[in-house]
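Colleague: A structural model of the following input is requested.
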Amino acid sequence: MFAPKNVCPVPFDQQPLNEYLELKKSCFFAWSVLSFNKYINTVFSIFILFLIFVIPIISIIFSNKISLFYVLFYSVLSVNVIFILLFIRLYLGWSYIVKRLLSATVFYEESGWYDGQIWIKTADILTKDRLIGLYEINPYIKRIKYSLLICILLLGLELILLYLI
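Modeller: Residues are numbered from 1 along each chain as shown. From the prediction side, this is the model:
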């Protein structure tokens, strides 16, 4: 995976393909690249886990001034906001990587912020990077966009219900 120094002057950890592999292995981003069924199961598991932690916090904040229904409602609302933030972070991380993979040039820093360089990818590296970006990462980004859209629609529905109740 690592391109030789005579072909690619970009440091190992700043090469787009290596950034993609590191992001794919990271704990936070790894669950977004699972198969669809595992992804859905993981999202629901994380939702339930967050809900278990948020319910006591909401019940302490309101300290028995509201019913159990409202505690559950505000807990689901809070977890939904957390999920929106998680999906935004996932989207930003993956879109940064796909932008670097699809680009014909790579901006990199050899030793610090003051000595930035631009490297123009060779044709074969550009082709390989674009194939990975288009056929591996774009489906993950679409999945994250749909998940984010569902969370935003649920948040809107929850806010409408909150107004009506």
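Colleague: mean confidence for the host helix or strand of Thr127?
Modeller: Thr127 belongs to helix 123-132 when assigned by DSSP states H and E. Average pLDDT, helix 123-132: 94.
Colleague: which positions within that helix qualify as buried?
Modeller: By 16 or more other CB atoms under 10 Å, the buried positions in helix 123-132 come out as Ile125, Leu126, Lys128, Asp129, Arg130, Ile132. In short, each C-beta sits where N, CA and C put it, glycine included.
Colleague: likewise for stretch 132-149?
Modeller: Neighbour counts over stretch 132-149 (16+ other CB under 10 Å) mark Ile132, Gly133, Ile137, Tyr140, Ile141, Arg143, Ile144, Ser147, Leu148 as buried.
Colleague: check stretch 154-165 too.
Modeller: The neighbour-count check on stretch 154-165 (16+ other CB under 10 Å) flags Glu158 as buried.
Colleague: format the buried residues of stretch 132-149 as CSV; extra columns: distance to Ser63 and secondary structure.
Modeller: Shown next, in CSV, are these (distance: CB to CB, whole Å; DSSP: H, G, I helix; E, B strand; the rest coil):
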residue, distance to Ser63, secondary structure
Ile132, 52, helix
Gly133, 51, helix
Ile137, 46, helix
Tyr140, 42, helix
Ile141, 42, helix
Arg143, 40, helix
Ile144, 37, helix
Ser147, 34, helix
Leu148, 33, helix
